[in-house]
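1. model this:
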Amino acid sequence: MTARRLAEMEPLVQAALPPLHTGSGAEDLAETRIAAVLGLKLFMQGAVRTLLIKGLAGTGKTTVALELLKAAGKGNGAYISSRVPKDLLETHIPAMKDTLESQEFLDIRLEDATSVLDFVMRLTEPRKIKTILFDSWDGLAKELDPRERLRAEKTLIALAHNSGAQFIFVSEEPGSTTIDYLVDGILELVMLEEQDRAVREFIIHKLRGTLISQRKYLYTLLEGKFTFFEPYTIPDYTKIRRFVKKPDNGEAYSFGSGALDRLFGGMIPGSTLTIEYDENVPYSALKSIEYPPIINFLAMGRSAILLPLPGANDEEATASIVSKAVSKGAVNERLRILNVLRTSDLKTTNLPKSATPQEIHEIVTNETTRLRKKSVDKSVLLVKSVSALENLFASNLDSLLEVTSQEIITLQQSHDAHILLLPKDSPIRSRILSMSSSYAKLFVRDGTVLMFGVKPHTGIYALQHLEDPISPSLTQLV
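-> Just a heads-up that it's a prediction; the model follows:
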């Protein structure tokens, strides 16, 4: 493309096209389309007409861009491809086949940059096309010398703002280029390694006129679709519904959660599952691992014992939440909550202030024996916070380990189920893990609670509360 040709086109863009009028419902919708799809609506106050999506090969740029194109509405978008033909793109991203079929597709692999600008002019003149995707912009821009490239980019930016259309540029070029300084918004997609597992993250580098309160989000391309994860939110326990019991998975007890059963395959009788968590994991996320198996054991006619997390030693609150899912009779008869705080003025404290680890073990053993008689098949679930016991016996951890080992052996022999909640910084962490049949981790990144199995090895999942406030939804990051 010659500088003369670009100069001829600039006045056409600036003067021939009608100016953008703000305020109409359709245009307001167009301005927030990118926000709605990416979840950026929380940050955006003004119009975003031009967006640059950057990232190395394989990070999912085309999938994200196609989600934006889909949001334009059937027949309102155009895909300009300088890399692959339409049929190959549909093969690579089958989930987006309908989107590609419903929008204009321009294969410009054999075209020059001048022809592309002419195409764009024709697409935007009727003001029908609302979103134009350039995939990739690099394939065109590299044909131009630096001065011509800058002029072409300025022309496209002006065309976008005057026509009311949104232009999305996909780029694999590392570092900043001239278009970075011209576009309204920049999203960068990156691949990270999180504890030997791949995690995808998008970074908001720029959104003009917008306060960006959070710049990084995790996302997944599960089933070929772009799904991003907002920061974890505490569930609304007022929306708890009556629980429908989940039968055993063959010889394994169900967790009472389809998501947890799919991840771990259920709880093998006599096994110990340890959930390690870091200091950033909200208690409600841990409770979403705690509550389903307890509730399901009660719904199945079995019994359960809970030694709560420190700071969660509210017996009445826990019993109230569980009672919304199963009958109060089941809670009163077959659930025992043993608080281990020593605070003298705490009404819920129900263990001796000076109890030793062995004495607490005896109390747990006696309660297990009592509740076993009330269990339909003599099975009991024990869910225990290691942190609460560590706080109580900080000067006697060897004794705590000894009684924990005794409990694990006893539960193995009686074929009960055992879940331990273990803080990441626990001084007895390695010893507890060595005694555990299975082991999973919970941690937080970019505000999202993540979970994966170490023993057995699993993929990594985002933990949310999408349907049931007491049971987690787990979405795999791929």
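2. what residues of stretch 437-450 count as buried?
-> The neighbour-count check on stretch 437-450 (16 or more other Cβ atoms under 10 Å) flags 437-446, 448-450 as buried. Using the backbone N, CA and C atoms, a C-beta is placed for each residue, glycine as well.
3. JSON lines for these, including secondary structure and pLDDT?
-> What follows is the buried residues of stretch 437-450, written out as JSON lines (DSSP: H, G, I helix; E, B strand; the rest coil; pLDDT from 0 to 100):
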{"residue": "Ser437", "secondary structure": "coil", "pLDDT": "95"}
{"residue": "Ser438", "secondary structure": "strand", "pLDDT": "96"}
{"residue": "Tyr439", "secondary structure": "strand", "pLDDT": "96"}
{"residue": "Ala440", "secondary structure": "strand", "pLDDT": "97"}
{"residue": "Lys441", "secondary structure": "strand", "pLDDT": "97"}
{"residue": "Leu442", "secondary structure": "strand", "pLDDT": "97"}
{"residue": "Phe443", "secondary structure": "strand", "pLDDT": "97"}
{"residue": "Val444", "secondary structure": "strand", "pLDDT": "97"}
{"residue": "Arg445", "secondary structure": "strand", "pLDDT": "96"}
{"residue": "Asp446", "secondary structure": "coil", "pLDDT": "95"}
{"residue": "Thr448", "secondary structure": "strand", "pLDDT": "96"}
{"residue": "Val449", "secondary structure": "strand", "pLDDT": "97"}
{"residue": "Leu450", "secondary structure": "strand", "pLDDT": "97"}
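4. the residues you listed into TSV, with extra columns for distance to Asp135?
-> TSV is the format used below for those (distance: Cβ to Cβ, whole Å):
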residue	distance to Asp135
Ser437	48
Ser438	44
Tyr439	43
Ala440	39
Lys441	37
Leu442	37
Phe443	35
Val444	33
Arg445	29
Asp446	26
Thr448	28
Val449	33
Leu450	30
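5. of those, which is the nearest to Asp145?
-> The closest of those to Asp145 turns out to be Asp446 (Cβ to Cβ; 39.7 Å).
6. list the contacts for that closest one?
-> 201, 214, 216-218, 229, 231 (Cβ atoms under 8 Å, 6 or more residues apart in numbering).
7. would you map the helices across the stretch 301-450 of the chain?
-> Assigned by DSSP state H, counting those that start in this stretch, the stretch 301-450 of the chain shows helices spanning 315-325, 328-334, 357-372, 386-392, 397-414, 429-435.
8. closest one to Phe134 among those helices?
-> For Phe134, the closest of these is helix 429-435, at 50.5 Å, according to Cβ to Cβ.
9. other residues contacting that closest one?
-> By Cβ under 8 Å, 6+ apart, the residues outside helix 429-435 that reach it are 272, 274, 276, 386, 401, 404-405, 408, 420, 422-423, 426, 439.
10. buried sites along stretch 91-107?
-> Within stretch 91-107, the residues that count as buried by 16+ other Cβ under 10 Å are 93, 95-96, 99-100, 103-106.
11. equivalent analysis for stretch 266-285, please.
-> Quick answer for stretch 266-285 (16+ other Cβ under 10 Å): 266-277, 281-285.
12. on that earlier part again, need the buried ones from the contacts of Asp446 selected in ChimeraX.
-> Filtering these down to the buried ones (16+ other Cβ under 10 Å) takes a single ChimeraX command:
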select :201,217,218,229
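13. hang on, the earlier thing: restricted to strands, list the buried residues of stretch 91-107.
-> Mapping these onto strands (DSSP state E) picks out 104-106.
14. output the contacts of Asp446 in JSON lines, with secondary structure and pLDDT appended to each entry.
-> Converted to JSON lines, the contacts of Asp446 look like this (three-state DSSP; pLDDT from 0 to 100):
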{"residue": "Glu201", "secondary structure": "strand", "pLDDT": "96"}
{"residue": "Gln214", "secondary structure": "coil", "pLDDT": "88"}
{"residue": "Lys216", "secondary structure": "strand", "pLDDT": "94"}
{"residue": "Tyr217", "secondary structure": "strand", "pLDDT": "94"}
{"residue": "Leu218", "secondary structure": "strand", "pLDDT": "96"}
{"residue": "Phe229", "secondary structure": "strand", "pLDDT": "92"}
{"residue": "Pro231", "secondary structure": "coil", "pLDDT": "93"}
